[in-house]
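K.L.:
got a predicted structure here, sequence first:
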Amino acid sequence: MIDAELTFNLEHKQFVIRVDETNALELYVDNCLRKRDSSENPVGYVWTNIELNWEEHRYVEARLTRESRALHVTVNRETVFSESLS
């Protein structure tokens with residue numbers, strides 16, 4: 001069951017960060033799962049490179065501190081979301 005879902009738009013692409021009740025962290029691009037971290041590590045981490053028009057790229061990263069449920073999302077290392085999910 002999905003506990004939190006955040007949707008972001010990058011020009012004609014869309015990416016979604018999902019966290020379920022077990023603190024598994026997932027990254028989707030255009031409804032396709034790119035990365036999933038369901039490890040027991042204290043910090044979950046997913047990332048991907050999204051290609052846009054004219055060979056332009058965006059590097060997307062998401063980190064979830066599992067104990068505090070703090071989620072931090074960046075695009076090209078600039079923060080686009082940083083809050084606790086609790």
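P.N.:
Thanks, I have it.
K.L.:
near residue 44, how many residues? Count them for me, please.
P.N.:
Counted with other Cβ atoms under 10 Å, the neighbours of residue 44 add up to 22. (Each C-beta comes from the backbone N, C-alpha and C, glycine too.)
K.L.:
and it, that one's in a strand?
P.N.:
Yes - Residue 44 forms part of a strand when assessed by DSSP: H, G, I helix; E, B strand; the rest coil.
K.L.:
report the beta-bridge partners for it.
P.N.:
Per DSSP bridges, residues listed as beta-bridge partners of residue 44: residue 64.
K.L.:
next up, the contacts around it.
P.N.:
Taking Cβ atoms under 8 Å, 6 or more residues apart in numbering, we find residue 44 in contact with 23, 24, 25, 37, 38, 62, 63, 64, 66.
K.L.:
quick one: buried ones out of the residues you listed?
P.N.:
23, 24, 25, 37, 62, 63, 64, 66 (16 or more other Cβ atoms under 10 Å).
K.L.:
looking at the residues you listed, which are in strands?
P.N.:
Within the buried ones among the contacts of residue 44, residues falling in strands by DSSP state E are 25, 37, 62, 63, 64.
K.L.:
make JSON lines out of the contacts of residue 44 and add pLDDT.
P.N.:
Below are the contacts of residue 44 laid out as JSON lines (pLDDT from 0 to 100):
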{"residue": "23", "pLDDT": "93"}
{"residue": "24", "pLDDT": "96"}
{"residue": "25", "pLDDT": "97"}
{"residue": "37", "pLDDT": "98"}
{"residue": "38", "pLDDT": "96"}
{"residue": "62", "pLDDT": "98"}
{"residue": "63", "pLDDT": "98"}
{"residue": "64", "pLDDT": "97"}
{"residue": "66", "pLDDT": "95"}
